[in-house]
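>>> Fold the stuff below for me.
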Amino acid sequence: MKHSFFALISRMRYIGRWGLMRNSLPENIQEHSHMVAVIAHSLAVIGRDIYGKPVSPEKCAAAALYHDASEILTGDLPTPIKYHDEAIRNSYKEIEKNACRQLLSFLPSELRPSFEPLLVEEDPEICAYVKAADKLSAYIKCIEERKAGNNEFHSAEAQILNILKKNPLPEVEYFMQNFIPAFELTLDELGAMN
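Predicted structure coming up:
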């Protein structure tokens, strides 16, 4: 029997993000998920190596790779709609869970238990790292759009920065202080660092 799970996952590249905003640099959920996985992994490494937390960078990275997989079936609902009120937010979370369960059904039954935690992550520590990485990725996107001369993202950048400043994970502040400033630099300036 043939299974379509990975063929569906590959379609993440067709789903655009930031649908209500003019983008100078279009981004799809596959690109976004890769960046979130890189950042979630790094936040967990920071947590483990600098703050001595018993966290798994590998589990955080894997969960981040699949954190928006439900959007293969639902599409990317714009933030102003998704978070408009509690009823919509709760309904959409249920829709996302159902979409993830449907995606799981496209795997052989023997593989489902291994992929279920990735698609329906419930470990609060892993969720916190992935959520923080998701916000950092959105913040980086805003910086890149601003650098490209797109004023459309100024308000989003300020809002996301405010959210990041309130994040209780010290790893987020560490990442912000040590890595975010480099996103303001040109390629030549990046090459001259050290």
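
>>> going forward, measure contacts and count neighbours with C-alpha atoms only.
Noted.

>>> Just want the most central residue of this protein.
Centroid-nearest residue in the chain, with CA atoms, centre = their mean: Asp134, separated by 3.2 Å.

>>> before we move on, which element is that residue in?
Element membership of Asp134, judged by DSSP states H and E, is helix 124-147.

>>> who's in contact with the helix or strand immediately after that helix in the chain?
Moving toward the C-terminus from helix 124-147, the next helix or strand (DSSP H and E) is helix 154-165. For helix 154-165, the external contacting residues (CA atoms under 8 Å, 6 or more residues apart in numbering) are 132, 135-136, 138-139, 142-143, 146, 172-173.

>>> phi, psi of Gly16?
phi -80, psi 150 (degrees, to the nearest 10).

>>> Next, the contact list for the nearest residue to it once chain neighbours are set aside, please.
In this structure, Gly16 finds its nearest non-sequential neighbour in Asn28, 4.2 Å apart by CA to CA, 6 or more residues apart in numbering. Residues near Asn28 by CA under 8 Å, 6+ apart: 12-17.

>>> and with 6 Å instead?
The contact partners of Asn28, taken as CA atoms under 6 Å, 6 or more residues apart in numbering, are 13, 15-17.

>>> List only buried entries from those.
15-17 (16 or more other CA atoms under 10 Å).

>>> Give me the contacts around the helix or strand of the chain with the lowest mean pLDDT.
When each helix and strand of the chain is scored by mean pLDDT, DSSP states H and E, helix 79-82 comes last, with a mean of 71. When contacts are defined by CA under 6 Å, 6+ apart, helix 79-82 is touched by residues Arg89.

>>> which stretches of this protein aren't confidently modelled?
1, 78, 194 (pLDDT under 70).

>>> ok so Val55 is a strand residue?
No. The assignment for Val55, made by DSSP: H, G, I helix; E, B strand; the rest coil, is coil rather than a strand.

>>> Can you report how many residues neighbour it?
19 (other CA atoms under 10 Å).

>>> Show me what the helix holding Asp134 packs onto, helices and strands only.
The elements that helix 124-147 packs onto, with contact taken as 3 or more CA pairs under 6 Å, 6 or more residues apart in numbering; DSSP states H and E, are helix 29-49.

>>> how much space is there between Thr79 and Ser4?
When distance is defined by CA to CA, to the nearest Å, Thr79 is 29 Å away from Ser4.

>>> got it, and Arg17?
Per CA to CA, Arg17 is found 23 Å from Ser4.

>>> ok, now Glu31?
Glu31 is 21 Å from Ser4, where distance means CA to CA.

>>> more crowded one of those two?
Using other CA under 10 Å as the criterion, Glu31 and Ser4 rank with Glu31 on top: 15 against 12.

>>> Nearest spatial neighbour of Cys100, chain-adjacent residues omitted?
Closest to Cys100 by CA to CA, 6+ apart is Ser70, at 5.2 Å.

>>> is it true that the one you found touches Lys97?
No. Applying CA atoms under 6 Å as the test, Ser70 and Lys97 come out as separate, 7.5 Å apart.
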